[in-house]
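*Asks:* Any chance you can model this:
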Amino acid sequence: MSSSERFGFEWNKYRGIYPNYYDQYRDQFLNWVTPLESEYFAGKSILDAGCGMGRNSYWPLSWGAQELIAFDKDPRSVKAAKENLKKFTNAQVVESDIYDLPWSDKFDFAFSIGVIHHLKYPKKALEQIKRTLKPGGEILIWVYSKEGFETILKILNPIRKYITSRMPLGLLHALTYIPSVPFYLYLHLFPQSREYFKQLRSFSFSHMHSILFDQLLPDVAAYYSEAEARDLLSMFREVSIRKPKNLNGWIVRGIK
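*Replies:* From the prediction side, this is the model:
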């Protein structure tokens, strides 16, 4: 089973955008696109590359994007995103392969959050995204960072590669409760100094469980140094890189 199919299971199971967590979802998206603010998206033609269940597309559309096209490869992800974005008449959700995109010179802005680090051929995908942008169009990606995770990755990566990415999804989802319960208690019973953990404690148990489940699903999960993350956009100009507000991952931007 491919990674896109495994993520399709996840986004079918965790497909809601719940009103009582709107503030957290909005702040999470703004964290991933720092330093961009809501005004940036107004009037732009936008591509969401690897949209999952559509939560990240929801905010640019709410803030006045002229047009947004979101795509994913798994039909369950596409179905969930269509449902979540159905109120926006200027939104289109399609099934497409990130290695073979059908658009050229179309978008002002493309973003891909939490996708590139799960691809076997990330630069091939980024070349495809570049082709979809108008000359002068901008790309923004968010990817995992090695910084702060060096020790845990020595344990997590082989477990994910050789065990959990090969497990039946129903079984893996159930087993993920074993680390989720103590981690949830840890977040809420003890003061947290890490900004990322402070953010996690603001979400529901279900959302936190989905994040841990997400970590165990795929066979590919690359964590990048600053230089490696910057190099992902080597085919773009004016590349910049920074940490998000919660200091988790890398935000990399470039211009076509």
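
*Asks:* contacts and neighbour counts: CA atoms only from here.
*Replies:* Will do.

*Asks:* those helices in the stretch 151-256 of the chain, which residues are they?
*Replies:* 169-175, 177-189, 195-200, 205-216, 226-231 (DSSP state H, counting those that start in this stretch).

*Asks:* Before we go further, residue 140 is sitting in a strand, right?
*Replies:* Yes. Assessed by DSSP: H, G, I helix; E, B strand; the rest coil, residue 140 belongs to a strand.

*Asks:* quick one, what contacts it?
*Replies:* 33, 109-112, 251-254 (CA atoms under 8 Å, 6 or more residues apart in numbering).

*Asks:* Figure out which of the helices of the stretch 151-256 of the chain is closest to residue 95.
*Replies:* helix 205-216 (20.8 Å; CA to CA).

*Asks:* Quick one: distance of that closest one to the chain centre.
*Replies:* Centroid displacement of helix 205-216 relative to its chain, using CA atoms, centre = their mean, to the nearest Å, is 13 Å.

*Asks:* of all the contacts of residue 140, which two lie farthest apart?
*Replies:* 109 and 251 (14.6 Å).

*Asks:* picking up where we left off before, could you export the helices of the stretch 151-256 of the chain as a markdown table, including mean pLDDT?
*Replies:* Formatted as a markdown table, these follow (pLDDT from 0 to 100):
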| stretch | mean pLDDT |
| --- | --- |
| helix 169-175 | 93 |
| helix 177-189 | 94 |
| helix 195-200 | 89 |
| helix 205-216 | 90 |
| helix 226-231 | 97 |
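
*Asks:* want to throw these into a markdown table with mean neighbour count?
*Replies:* Output for these, formatted as a markdown table (neighbours: other CA atoms under 10 Å):
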| stretch | mean neighbour count |
| --- | --- |
| helix 169-175 | 14 |
| helix 177-189 | 14 |
| helix 195-200 | 15 |
| helix 205-216 | 17 |
| helix 226-231 | 16 |
